[in-house]
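Q: Predicted model and sequence follow; I will ask about them next.
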Amino acid sequence: MNMIARTSAIIAALLIITTTVAAQPKKFFGTIWQRWEDTSAVPRSFSQLFSQVTPEGSGKWGPAEPARDNMVWGNLDAMFNYAEAHNLLVKEHCFFWGQSAPNWIGGLSNAEQKAEAGEWVGSFLSRYGAKIDMIDVINENSSPVIGAFGGGGSTGYDWYINSFQLVRDSCARYCPNAKLILNDDWLSADDQATTDYIRIANLLKARNLIDGIGDQCHYYENSDSALVHRNLDRLAATGLPIYISELDFVGDDQTQLGYYRKFFPLFWDHPAVKGITLWGYQEGHMWRDGHIMNADGTWHPALTFIVDYMAKHGGATGTITPRAVNPIHGAQRIRLSNRGLTIVKGSGESARKFDIRGCAVNARCSGLR
């Protein structure tokens, strides 16, 4: 195939992929923001791979207000500026979580705690509200101010209702379109957890206080995929969209790839799931050691699989063309189909396939940092 024919094939494939993706509902693919107050330190791959971002730690109450009335905004400022510059969706994580409470809150009366909670939410939203798309209001069914918000009360869950009401009221002033989410761990992998969550979600939904379901999906390596799928269906029956909010898998290359092959399509293809957020992706920048990109920018097979899968199923990542891979040069066969462009280099056992993005399907990519 001569150069003109090759170029024509690439253009045609791009047109097909663009048309196919545009016709499908968009889902976001995101990850966490690390300690990058200097945005020049952000890996180049970040905006190329992801369409959504959430703060890992700096959006929690404790780190944001370590001393009473002493707010720390530097890392969040950098994240919101970066997101705006790169057109990324932003999800705040999170307003209330027991494990991230400021140390000083416990010594206050309920009335003082409630007032401080209102100040925390109001100060955050007055600063960033216009740039926020989604908010984790409560994380992991815990809060440092449960008593201040009524405890169980008459519904058994009054503190959820009152916490969400506080945030909804503040959002009405600063970000009326922000989606409020209840984020929980070990949710779809457990029947009882799903039952309990649905009960709370329905109470909030009846009061127009919740807009989405957050399913973390940490530690799902040994979970039953059929059980997870069944519980996703149960959660979807609430009528609320689902967000896979903190996904990661740990293992050697092939083991990790197996986990992503097992669960990523399950999540991505579920009609109620509107986006997936990885809880980190690069070596040295993760809570668990489940990175899918090395510090030098080389890809693990799991990342190659994810990118290839989304490219064929309505992905929402950026344009990815690794520097170190030139799929056209030396190509033996170029096949154009309704699934995109397939380029084969070599023959027999040494043959390698490439998708339109220029990344080997069965090997690590390199060059993106």
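A: Perfect, thanks for sending it.

Q: Poorly predicted segments of the stretch 201-350 of the chain, please.
A: 315-350 (pLDDT under 70).

Q: all helices of it, in order?
A: All helices of the stretch 201-350 of the chain, identified by DSSP state H, counting those that start in this stretch, fall at 225-236, 253-269, 301-312.

Q: tell me, how many neighbours does Asn81 end up with?
A: 12 (other C-beta atoms under 10 Å). Every residue, glycine included, has its C-beta placed from N, CA and C.

Q: so is it in a helix, a strand, or just coil?
A: helix (DSSP: H, G, I helix; E, B strand; the rest coil).

Q: List the contacts of the closest residue to it other than its chain neighbours.
A: Of all residues not flanking Asn81 in the chain, Thr39 sits nearest, at 6.7 Å (C-beta to C-beta, 6 or more residues apart in numbering). By C-beta atoms under 8 Å, 6 or more residues apart in numbering, the contact set of Thr39 is Ala78, Asn81, Tyr82.

Q: quick revisit: most tightly surrounded among the helices of the stretch 201-350 of the chain?
A: Most buried of the helices of the stretch 201-350 of the chain, by mean neighbour count (mean count of other C-beta atoms under 10 Å): helix 301-312, with a mean of 22.

Q: Could you quantify the relative orientation of that helix and helix 253-269 as an angle?
A: Helix 301-312 and helix 253-269 meet at an angle of 30 degrees, taking axes from the mean of the first three to the mean of the last three C-alpha atoms, to 10 degrees as the criterion.

Q: which strands and helices sit next to helix 301-312?
A: Helices and strands touching helix 301-312, as assessed by 3 or more C-beta pairs under 8 Å, 6 or more residues apart in numbering; DSSP states H and E, comprise helix 253-269.

Q: Which neighbouring elements make contact with the helix it packs on?
A: Secondary-structure packing of helix 253-269 (3+ C-beta pairs under 8 Å, 6+ apart): helix 225-236, strand 242-247, strand 273-278, helix 301-312.

Q: For Gly147, which of these is the nearest?
A: strand 242-247 (26.8 Å; C-beta to C-beta).

Q: next one: the closest one to chain centre, how far?
A: The chain centroid and the centroid of strand 242-247 are separated by 6 Å under C-alpha atoms, centre = their mean, to the nearest Å.

Q: Note down every partner strand of that strand and its orientation.
A: Paired neighbours of strand 242-247 in the sheet (DSSP bridges): strand 212-215 (parallel), strand 273-278 (parallel).

Q: Can you tell me, leaving aside adjacent residues, what's nearest to the residue nearest in space to the middle of the chain?
A: When the chain is reduced to its mean C-alpha position, the closest residue under C-alpha atoms, centre = their mean turns out to be Thr277, at 1.4 Å. Excluding the flanking residues, the one nearest Thr277 by C-beta to C-beta, 6+ apart is Gly30, at 4.2 Å.

Q: quick one on the thing from earlier: for the residue nearest to the centre of the chain, list the residues it contacts.
A: Thr277 touches Gly30, Thr31, Ile32, Gln52, Thr54, Lys91, Tyr243, Ile244, Ser245, Glu246, Leu247, counting by C-beta under 8 Å, 6+ apart.

Q: Next one: it from Asp136, what distance?
A: 10 Å (C-beta to C-beta, to the nearest Å).

Q: Common neighbours of these two, please.
A: Contact with both Thr277 and Asp136 is made by residues Thr54, Lys91, Ser245, according to C-beta under 8 Å, 6+ apart.

Q: ok, and the most crowded of those residues?
A: Most crowded among those, counting by other C-beta under 10 Å, is Ser245 at 30 neighbours.

Q: My guess is it contacts Gly212. True?
A: No. Contact status for Ser245 versus Gly212: not in contact, 9.4 Å apart, counting by C-beta atoms under 8 Å.

Q: my guess is Val53 is in a strand, correct?
A: Yes. Assessed by three-state DSSP, Val53 belongs to a strand.

Q: Show me what it bridges to in the sheet.
A: Thr31, Val90.

Q: Quick check: it vs Thr31, distance?
A: Computed as C-beta to C-beta, the Val53 to Thr31 distance reads 7 Å.

Q: now swap in Val137 and tell me
A: Val137 is 21 Å from Thr31, by C-beta to C-beta.

Q: rewinding a little: can I assume the residue nearest to Thr277 is in contact with Lys274?
A: No. At 11.2 Å, Gly30 and Lys274 do not qualify as touching, with contact defined as C-beta under 8 Å.

Q: Settle it for me: which of those two has more neighbours?
A: Neighbour count, other C-beta under 10 Å: between Gly30 and Lys274, Gly30 has more, with 26 against 19.

Q: Could you report the pLDDT at the more buried one?
A: In the predicted model, Gly30 carries a pLDDT score of 97.

Q: just Arg35 next, same as before
A: Looking at Arg35, the pLDDT reads 87.

Q: contacting residues around it?
A: Applying C-beta under 8 Å, 6+ apart to Arg35 gives the contacts Ser58, Asn75.

Q: quick check, it in a strand?
A: No. Under the criterion used here (three-state DSSP), Arg35 is coil, not part of a strand.

Q: how close does it get to Met79?
A: Taking C-beta to C-beta, one finds Arg35 at 10 Å from Met79.
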